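Novice: Build me a structure from this.
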Amino acid sequence: MKKLIIILFWLLTVSLQAATYYIAPTTATPAGNDANAGTLAAPWATIGKAFSVVVAGDTAFLRGGVYMVPASNDGAGYSLTGKSGTAINKIVISNYQNEVPIIDFDDVITGPTTTKYGISFLTCNYVHLIGITVRNLNQLSDNPADPALSRAFYFSYSNNITVERCVAYHIDGNGFSTINTNPCDELYYIDCDAYDCNDRLSPVLPGNDGSGFTNGNSKQLDYHVYYKRCRAWDNGDQGFSFGSYSYVECDSCWSFRNGKLQGEGWGWKTGWISATYDGQVKRKIVNCIAAYNRRSGFDTNDGGTPAHYQQFYNNTSYRNGYQGGASAYGFSFRNTVGTDEQELKREVKNNISYRNESGNIYIQSGALYTHVTNSWDDPPGITIAPSDFISLDSAGLIAPRQTDGSFPDNVCYNKFLHLSETSQARGEGTDEGYGDDLGAFQYSVQEDSEEPLVLSDLSTFRPYWQTETTAISGGNVYDAGGGTVSARGVCWNTTGTPTTADSKTEDGTGTGIFYSQMTGLSRDAAYYVRAYATNEIGTAYGNQMTFRTSQVLYKDGKVYVIGGKVLVTP
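Specialist: Numbers count the residues shown, from 1 in each chain. Purely as a prediction, here's the structure:
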């Protein structure tokens with residue numbers, strides 16, 4: 001009893017010592033200043049200040065707004081190093097209430113071989129990161145020896161980390177990542193988004209080295225990484241890419257429209273695992289959606305490496321390869337160096353593969369896998385058709401999440417690829433704990449009504465300077481909204497939220513990718529750009545992008561000096 005009392009007293013003491021701090025942008029009221037006390041009335045200005053102070057049990061709240069990282073940061077980002085919470089008293093770095101803090105690196109300029117980080121965690125334990133956005137982590141080199149090194153959220157030798165409701169976008173590299181030599185255990189990603197992660201300056205295949213979520217681990221066989229309800233879209237390379245010994249689980253995640261610019265663009269690459277087969281499940285992909293990616297939706301990517309135990313249950317792969325990518329299947333299985341028995345531990349059950357450009361299933365010569373009750377199997381012996389779904393209209397895929405991190409409450413997320421009442425896929429599966437309907441969604445009673453004509457669904461390509469008075473942008477019209485796109489292009493202004501009443505280009509009609517040249521621009525000015533598409537009921541606009549004449553760009557090994565900023569090549 002005495003020992004129990006001492007433990008309880010110690011826990012109470014730790015809790016009483018826990019502190020709460022506040023950070024706010026320098027433009028907020030009250031304004032942030034790292035010389036302040038770190039209170040709600042006198043907040044600090046940078047997440048770096050919070051990282052230098054917090055200890056186990058502490059919470060640091062970031063107020064909403066844009067935190068412009070100064071150029072003096074030089075690509076190092078903000079790092080929590082060597083600090084840990086405990087299972088009971090975690091270190092918590094969170095947004096304040098429903099406010100949205102955005103860490104913006106657009107002013108940071110680094111040399112062509114400098115790795116750039118947004119927020120990194122090095123040798124940390126028991127940290128909870130909530131509701132933070134990192135954007136505009138630029139890579140300014142087109143040197144082929146310098147692949148996409150920018151990492152918005154980076155984790156190294158850090159265990160028991162939870163990353164919740166965080167967002168990475170406009171990243172010249174990867175959104176959320178670990179690397180092979182520095183693996184992490186018990187790493188959880190919940191309700192996170194990664195989009196427009198591209199190595200856009202690569203002279204070989206622009207976009208090819210930027211993925212939304214990556215997990216690398218070439219050391220530890222018993223580590224675990226989890227993804228729950230995460231989304232990855234418009235990334236140059238894969239949405240989700242796992243070259244890892246870890247057990248990796250994806251549950252109810254969405255990967256769509258990846259392969260931007262000229263990147264590969266698989267929805268999921270689940271291998272390779274170079275370690276010897278150990279009989280333990282290494283991948284579990286369940287209730288996930290792969291749609292509109294340049295290449296295949298789900299690819300084991302383990303050709304020529306050892307086979308491992310993988311489970312693909314109740315997923316849906318739809319229209320992958322529509323951007324014209326080769327080898328664009330719903331599911332792809334590679335021939336490994338493992339035995340037949342080991343390859344057959346790749347279990348594929350209750351999945352739907354429909355309208356993928358190269359075919360619904362690809363089995364490399366010599367490859368084996370265990371497959372039962374998938375849409376391509378017999379049984380069930382069915383042929384999937386549009387009538388098997390309530391909706392095939394993807395308008396609204398990139399809509400913002402709800403304030404609690406849930407998926408958007410719109411027609412797309414409530415009906416797109418959901419089974420209709422009369423669907424052949426209902427009740428045709430083998431229940432592995434996720435229901436006996438095929439695909440990512442178990443049928444629920446809802447009204448099967450005809451979808452109304454809606455505005456088009458599109459995105460804007462990130463602009464970059466071509467000359468002092470011209471720039472290149474463009475967009476991708478993913479869905480015509482049930483109608484016909486009669487006009488498309490980009491529009492821009494210097495005040496924000498541009499429309500077709502402002503300066504604009506006209507770049508054809510219909511759906512698909514288009515590129516635009518903006519002319520008549522001025523130096524030393526900030527511009528706002530949006531793609532637009534017009535159908536029968538009106539004009540829809542893509543996400544807003546910004547660019548400035550003060551950006552320094554590398555091209556063909558030369559330095560361009562714009563707006564007075566100079567960066568010297570080595």
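Novice: Could you check the pLDDT of residue 326?
Specialist: Looking at residue 326, its pLDDT stands at 74.
Novice: Does it fall in a helix, a strand, or a coil region?
Specialist: Counting by DSSP: H, G, I helix; E, B strand; the rest coil, the backbone at residue 326 sits in coil.
Novice: host element of residue 52?
Specialist: If you go by DSSP states H and E, residue 52 is part of helix 47-53.
Novice: contacts for that helix?
Specialist: Residues from elsewhere that reach helix 47-53 (CB atoms under 8 Å, 6 or more residues apart in numbering): 21, 23, 34, 38, 44, 60, 62, 67, 78-80, 83, 93, 103, 119, 132. For glycine as for every other residue, the C-beta is placed from the backbone atoms N, C-alpha and C.
Novice: what do you get for stretch 38-45?
Specialist: 21-26, 28, 30-34, 36, 49-50, 53, 63, 67.
Novice: tell me the average confidence for it?
Specialist: 97.
Novice: Which of the residues in the helix or strand harbouring residue 168 are classified as buried?
Specialist: Assigned by DSSP H and E, residue 168 belongs to strand 167-171. For strand 167-171, the neighbour count (16 or more other CB atoms under 10 Å) marks 167, 168, 169, 170, 171 as buried.
Novice: So which elements touch it?
Specialist: The elements that strand 167-171 packs onto, with contact taken as 3 or more CB pairs under 8 Å, 6 or more residues apart in numbering; DSSP states H and E, are strand 133-137, strand 150-156, strand 173-177, strand 193-197.
Novice: Who does the third one pair with, and is each partner parallel or antiparallel?
Specialist: This means strand 173-177. strand 150-156 (parallel), strand 213-217 (parallel) (DSSP bridges).
Novice: Where does pLDDT dip in the stretch 1-150 of the chain?
Specialist: For the stretch 1-150 of the chain, applying pLDDT under 70 flags the ranges 1-16, 110-115, 140-149.
Novice: Compile the helices and strands packed on strand 167-171 into TSV and extend it with columns for distance to residue 243 and mean neighbour count.
Specialist: As requested, the helices and strands packed on strand 167-171 are arranged in TSV below (distance: least, CB to CB, whole Å; neighbours: other CB atoms under 10 Å):
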stretch	distance to residue 243	mean neighbour count
strand 133-137	22	24
strand 150-156	15	27
strand 173-177	11	29
strand 193-197	17	29
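Novice: Nearest to residue 547, out of those?
Specialist: strand 133-137 (10.0 Å; CB to CB).
Novice: what residues does the closest one touch?
Specialist: By CB under 8 Å, 6+ apart, the residues outside strand 133-137 that reach it are 77, 100-106, 108, 116-119, 150-153, 166-173.
Novice: still on that earlier bit, and the buried residues of strand 167-171, which is closest to residue 398?
Specialist: Nearest member of the buried residues of strand 167-171 to residue 398, counting by CB to CB, is residue 169, at 10.5 Å.
Novice: Give the full set of residues in contact with that closest one.
Specialist: Residue 169 touches 133, 135, 175, 193, 194, 195, 196, 197, counting by CB under 8 Å, 6+ apart.
Novice: still on that earlier bit, mind checking how far the helix holding residue 52 is from the chain centre?
Specialist: 26 Å (CA atoms, centre = their mean, to the nearest Å).
Novice: Buried residues of it, list them for me.
Specialist: Buried-residue list, helix 47-53, by 16+ other CB under 10 Å: 47, 48, 49, 50, 51.
Novice: List the neighbouring strands of the helix or strand that that helix is followed by plus their orientation.
Specialist: Per DSSP H and E, the first helix or strand lying C-terminal to helix 47-53 is strand 59-62. Note on strand 59-62: by DSSP bridges, its sheet partners are strand 20-23 (parallel), strand 91-95 (parallel).
Novice: low pLDDT regions in the stretch 451-570 of the chain?
Specialist: Short version for the stretch 451-570 of the chain, where the test is pLDDT under 70: 451-453, 549-570.
Novice: Recalculate using a threshold of 90.
Specialist: The stretch 451-570 of the chain contains residues with pLDDT under 90 at 451-484, 496, 510-515, 520-527, 536-538, 542-570.
Novice: For stretch 304-315, list every residue counted as buried.
Specialist: 305, 306, 307, 308, 309, 310, 311, 312, 313, 314, 315.
Novice: pLDDT, distance to residue 219 and secondary structure added to these, as TSV?
Specialist: Listed next are those as TSV, based on pLDDT from 0 to 100; distance: CB to CB, whole Å; DSSP: H, G, I helix; E, B strand; the rest coil:
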residue	pLDDT	distance to residue 219	secondary structure
305	93	16	coil
306	94	16	coil
307	93	20	coil
308	94	16	coil
309	95	19	strand
310	96	20	strand
311	97	23	strand
312	98	26	strand
313	98	28	strand
314	98	31	coil
315	98	29	coil
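Novice: so what's residue 435 closest to, chain neighbours aside?
Specialist: The shortest distance from residue 435 to any non-neighbouring residue, by CB to CB, 6 or more residues apart in numbering, is to residue 442 (4.0 Å).
Novice: Next, the contact list for the most centrally placed residue in the chain, please.
Specialist: Centroid-nearest residue in the chain, with CA atoms, centre = their mean: residue 194, separated by 2.2 Å. Residues counted as contacts of residue 194 (CB under 8 Å, 6+ apart) are 152, 167-169, 171, 175-176, 211-213, 230-232, 235, 239.
Novice: Which of those residues sits closest to residue 509?
Specialist: residue 235 (26.9 Å).
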